[in-house]
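[1] Quick one: sequence plus predicted model below, questions after.
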Amino acid sequence: MVAWAVSALIDAGCVEQIVVVTDVDLAVPLVRQALSGHRPDQRAVVIGGGPSRHASIHRALSTIESHVEIVVLHDACRPLAPPEVVSRVVGAVRRGAPGAVPVVEVTETVKELDPDGRVTRTVPRESVVRLQRPQAVRRSLLDAAHARCAPTDLTTDEAGALAPPGTSLVTVQGDHDAFPVLRPADLTLAQAVLARRSGQ
């Protein structure tokens, strides 16, 4: 999944340096081998992550070359996000946005619950979206956001911590192929998407 995510970044044509952060230092050689086997043309830097998501992103930021002004945050659990999504988020930041996140519409009915689990209202679907990866942000804002965070401040998706409070992030069109692969059923769907892409 890491190799497919890296491929999307390479194929977008707008990412000049790739830093892959693994869970533990012991996985670094395995990830390097997998990347080389899947994309011999890749030149990703593979480093071991920290004890928290915050620490891992901090390590990645300290590895990125100083002249890089836009940072793209991707996640291997969304391996089939197409290169076009990478181009959209980077393009939005290049056009002046502080940060950009891809979204797709919500097609299911969404209910709001009270603390006891009772339905209180139906949330209008047009007012909510599903957030995806990859996301892009100006390097200076991401540095500032992480500098003010305690190691436990970041949740699974740090879109809210891409930039300091009050910063307005823009949304771009996501892609339904950018679904998270978290369960066996998701893996089956991912295999079907890959088969469709290869024309099999």
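    Received the coordinates, thanks. Numbers count the residues shown, from 1 in each chain.

[2] list the buried ones in the helix or strand harbouring Leu141?
    Assigned by DSSP states H and E, Leu141 belongs to helix 139-147. By neighbour count on 16 or more other CB atoms under 10 Å, the buried set for helix 139-147 is 139, 141-142, 145-146. Where you see a C-beta, it was placed from the backbone N, CA and C, and this is true even at glycine.

[3] Just put these in TSV and tack on pLDDT.
    Shown next, in TSV, are the buried residues of helix 139-147 (pLDDT from 0 to 100):
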residue	pLDDT
Arg139	92
Leu141	88
Leu142	85
Ala145	76
His146	74
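
[4] The residues you listed into JSON lines, with extra columns for distance to Leu169?
    Conversion of the buried residues of helix 139-147 to JSON lines gives the following (distance: CB to CB, whole Å):
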{"residue": "Arg139", "distance to Leu169": "15"}
{"residue": "Leu141", "distance to Leu169": "10"}
{"residue": "Leu142", "distance to Leu169": "12"}
{"residue": "Ala145", "distance to Leu169": "11"}
{"residue": "His146", "distance to Leu169": "16"}
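
[5] Which of these sits closest to Pro51?
    His146 (15.1 Å; CB to CB).

[6] My guess is that closest one contacts Ala60. True?
    No: assessed by CB atoms under 8 Å, His146 is found out of contact with Ala60, at 10.1 Å.

[7] Verify the stated contact: His21 with Arg59.
    Actually, residue 21 is Val rather than His. Yes: counting by CB under 8 Å, Arg59 is a contact partner of Val21 at 6.4 Å.

[8] For Asp11, list the residues it contacts.
    Asp11 sits next to Pro83 when contact means CB atoms under 8 Å, 6 or more residues apart in numbering.

[9] now do Val129
    103-106, 171.

[10] One more: Gln132?
    78, 81, 85, 101-104, 174-175, 178.

[11] Tabulate the residues you listed (CSV), appending secondary structure.
    Below are those laid out as CSV (DSSP: H, G, I helix; E, B strand; the rest coil):
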residue, secondary structure
Arg78, coil
Ala81, coil
Val85, helix
Val101, strand
Pro102, strand
Val103, strand
Val104, strand
Gly174, coil
Asp175, coil
Ala178, coil
